[in-house]
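**Student:** Turn this into a structure:
(chains A and B)
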There are 2 protein chains.
Amino acid sequence: MSVIDDLKQALGDAVLTGTEIGERYRSDASLTGRALPKAVIRPANTDEVSTVLRICDAHGQAVVVQGGLTGLAGGANPNDDAISLSLERLVGIEEIDPLSATMTVLAGTPLEVAQHAADDAGFLLPIDLGARGSCQIGGNLATNAGGIRVIAHGVTRDNVLGVEAVLADGTILSSLSKMIKNNTGYDLRQYFIGSEGTLGVITRAVLRLKPRPAGRLTALCALDSYDQVVAFLARAQRGLPGLSAFEAMWESYFRFNCEAEGQQFFEKPPAFAVIVEQDVQGHDEEGEDFENFLGAALEDDVIDNALIAQSEKESRLFWQVREGHAMDRLLPGLINLDVSLPIGEIGRFAAECGTALAARFPQAHISFFGHVADSNLHIAFSTTGSDEHTQHAVDGIVYDIVRRYRGSISAEHGIGTLKREFLGHSRSAAELEVMRRIKNALDPKGILNPGKVI
Amino acid sequence: MSVIDDLKQALGDAVLTGTEIGERYRSDASLTGRALPKAVIRPANTDEVSTVLRICDAHGQAVVVQGGLTGLAGGANPNDDAISLSLERLVGIEEIDPLSATMTVLAGTPLEVAQHAADDAGFLLPIDLGARGSCQIGGNLATNAGGIRVIAHGVTRDNVLGVEAVLADGTILSSLSKMIKNNTGYDLRQYFIGSEGTLGVITRAVLRLKPRPAGRLTALCALDSYDQVVAFLARAQRGLPGLSAFEAMWESYFRFNCEAEGQQFFEKPPAFAVIVEQDVQGHDEEGEDFENFLGAALEDDVIDNALIAQSEKESRLFWQVREGHAMDRLLPGLINLDVSLPIGEIGRFAAECGTALAARFPQAHISFFGHVADSNLHIAFSTTGSDEHTQHAVDGIVYDIVRRYRGSISAEHGIGTLKREFLGHSRSAAELEVMRRIKNALDPKGILNPGKVI
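**Tutor:** Residues are numbered from 1 along each chain as shown, chains lettered A, B, ... in the order given. The predicted model follows:
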């Protein structure tokens, strides 16, 4: 029997083929996927995931795991002849344990659903990113998602206590610990988190919850230079307990998005605009302390200006500019690059990249923004008539500079297919060889997401 | 030529044999090591570590890595016929980067030396544990050390940005990133952290530094029940920004150590004593807020009494009781068990363990203390005429209960040799099989710390 026949026999109408397969299974949000999968399997529980993989492994059938399809690196794009294992039916919050401050959740649950459930229970789920409405917990783990709260709570890896995953051969590996300290042999969680579906399929997780802050204080600050940004960051880390965001926008990014949103916060756009945000418990003194902190930074010429949001609405206006959704609408073929560098180097790096990109693409929009405290810089690039060759040229220019700075070609988006060619810019031959050995140890037939990462 | 001849030829007087080998190389702090290594190699740099391993791999020679020898699980004890690779000469802080807030340090550097260097640069190195004077950074990473600041800063794993390690075959794997976000393929750091020297030899690390707090506020509180401890913890996590320790002592532990130190803090020892500590910036209002927090907890009957340390000396008196060094002196053959459980279960678990141990050993000292916020409980056990059979019986009683509670038989001490027999109490057959596959992928000849962990 063919692999499809075997799957249909075992799983019935959880198997979609032919015209039952919607367009959405073609690509992640990078829109670079070319092929539809030859079947989409929608298992409803871990045992069914195990059955799917056991059958595919026996047939040597390639499997691509699909979650919310919000990735930007092509990691969830089906290759030719692949079968898609979609986790969209593996949905639900199984438990919130308020004493352990943990949530046990199925992998296909949308992040925002999990966030709301945590909120309803009086907790904060610290994992947060722009795609929260569509992305799924399993994908957040598989890509070790970053986002805007890393400064306070770490990356996804730091917020996972337990993982259940299914290996290529169908073995269910259940490490659903609720404990923060647990040194019993190799930490198997870590192998699956960030491996982009190439070592196993994550089906369930135990996530850490944090106390829900009563409120947030937000300011938008104007600064003169990257050195000031770094100095201001150091001050914020020392002076603002509960610092929960520190987002920098270079002048070109800030100006573009202020204009697009019809906002004018300062007389003229500063060299750098920084959103600084602090989680608070809601006491009056916290507001005063925040003002005093900014006042001292002004007095010491670390910042040139500061606007404190007087309402949640005002804070949303700051964030609207930072999130820059208008760019998707206004800039054709927008490319968002995602790199990381030692914090002290980001200023020089951005200047160098700007010059190099402008030399090759004089007409292009080039702007910079990022989670500076997490060593993470994003580059927005757009030019008319952009195609795959443009993308490749931009990647080459930027990643060559990243290599020179000993930075990372992917801070939070992962490698997928789109960055695979450049992985050697951030990883040595010895590192790649070890990755291959691990891949071979856990997925000897290479059926899991072949062609991705390594 | 023999492996010793090859090593001597390559490394000269870095190779100790015969009477040059001191007693200290026989065992870690568990004092359970029986054999001296047949040679001790003291490489001075990473290239020499690579040479040692290349030669040993060619000969199929077993290697045990030795750091500060402060472990309690026998992980650094030489097996028969093993060669010791001691990192004691691999010492030094190579860089402190204040902008990235990172320290690059060689593996043999004592933790306390690294802490002082961070302090001198105006930072806090968050890794901290009782053995700080003797333990080494490499050992802290290899065992994923826990300690008393985990509530604020996480375990060692959470404070490591980059690792350089040498594989069994001598390959140098350098992943010395300073970046917080770095999703470029598998996270190789994680493989070595907590693997107890069985997958590679850590030679260098990039550690995260945090802002150094200006001061600390400390209180010793009296509570009536474990439910109160959990309720107080939840309050502290919400109400004390900068909460940096939350240490619980059960009545028998607190009473014993108060008497041993000649201290009487409360009229009579409470059912539970908790040390709560908060990092502060040094403003007056912080002291008031701390008092108000404790006052509200008293008013709401969450705690029965609270003493606020009025000086660092007073705070040290609280900690002296918690650290319980007097027990080592006063209790013969003291055994310190280290387990973790879901936070809500620790109270019931401790009661059950106490009953089971007392039934078998009616004369024994049995007491409990722990980092409750990290789900970590320690058990102090002592009885006269204790030997290896006693230890084994105690382990069996406690770990059987751990298994029923789905807890961990090792929260922070690791597995080493002493807990290996019980690893199956916390890990499934599938998990152990995956660990074996990984071990085989990275150390196919099994020369690295054989007989440890798996």
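**Student:** What is the one helix or strand A:Ala351 maps to packed up against?
**Tutor:** According to DSSP states H and E, A:Ala351 maps onto helix A:346-360. When contacts are defined as 3 or more Cβ pairs under 8 Å, 6 or more residues apart in numbering or on different chains; DSSP states H and E, helix A:346-360 packs onto helix A:226-239, strand A:365-371, strand A:376-382, helix A:388-404. Heads up, the C-betas are built off the backbone N, CA and C, glycines and all.
**Student:** and of the ones you listed, who's closest to A:Leu124?
**Tutor:** The minimum distance between A:Leu124 and those falls on strand A:365-371, with 18.2 Å, by Cβ to Cβ.
**Student:** near chain B, which residues of the stretch 301-450 of chain A?
**Tutor:** Within reach of chain B by Cβ under 8 Å from any Cβ of the partner chain, the stretch 301-450 of chain A has these residues: A:340-344, A:371, A:373-376, A:406-415, A:419, A:423, A:426-428, A:430-435, A:437-438, A:440-442.
**Student:** what do you get if the cut-off is 6 Å, keeping everything else the same?
**Tutor:** Proximity of the stretch 301-450 of chain A to chain B (Cβ under 6 Å from any Cβ of the partner chain) is limited to residues A:340, A:342-344, A:374-376, A:408, A:410-412, A:414-415, A:423, A:426-427, A:430, A:435, A:437-438, A:441.
**Student:** For PyMOL, write the select line for the buried members of those.
**Tutor:** The buried subset of those, as determined by 16 or more other Cβ atoms under 10 Å in any protein chain shown, is captured in PyMOL by this line:
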select buried, chain A and resi 340+342+343+344+374+375+376+408+410+411+412+414+415+423+426+427+435+437+438+441
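**Student:** Which ones among the residues of the stretch 301-450 of chain A next to chain B map onto helices?
**Tutor:** A:430, A:435, A:437-438, A:441 (DSSP state H).
**Student:** For the most centrally placed residue in chain A, which three-state class applies?
**Tutor:** What sits nearest the mean C-alpha location of chain A, by Cα atoms, centre = their mean, is A:Ala145, with 3.4 Å. Assigned state for A:Ala145: coil (three-state reduction, DSSP: H, G, I helix; E, B strand; the rest coil).
**Student:** What of A:Ala219?
**Tutor:** A:Ala219 ends up strand, using three-state DSSP.
**Student:** pretty sure it is in contact with A:Val276, am I right?
**Tutor:** Yes - judged on Cβ atoms under 6 Å, A:Ala219 makes contact with A:Val276 at a distance of 5.3 Å.
**Student:** Looking at the two, which is more packed in?
**Tutor:** A:Val276 (29 against 22; other Cβ atoms under 10 Å in any protein chain shown).
**Student:** what does the model give that one for pLDDT?
**Tutor:** A:Val276 carries a pLDDT value of 98.
**Student:** still on that earlier bit, name the nearest residue to the residue nearest to the centre of chain A, ignoring sequence neighbours.
**Tutor:** Counting by Cβ to Cβ, 6 or more residues apart in numbering or on different chains, A:Ala145 lies nearest to A:Thr156, which is 4.7 Å off, once chain neighbours are set aside.
**Student:** List the contacts of that neighbour.
**Tutor:** A:Thr156 makes contact with A:127, A:140-141, A:144-145, according to Cβ atoms under 6 Å, 6 or more residues apart in numbering or on different chains.
**Student:** of those, closest to A:Glu88?
**Tutor:** Nearest to A:Glu88 among these, with distances taken as Cβ to Cβ, is A:Asn140, at 14.8 Å.
**Student:** which residue ranges form the helices in the stretch 51-200 of chain A?
**Tutor:** Here the stretch 51-200 of chain A has its helices, by DSSP state H, counting those that start in this stretch, at A:111-120, A:137-142, A:150-153, A:189-192.
**Student:** quick one, which of those helices is nearest to chain B?
**Tutor:** Among the helices of the stretch 51-200 of chain A, helix A:189-192 comes nearest to chain B, with 3.6 Å by Cβ to the nearest Cβ.
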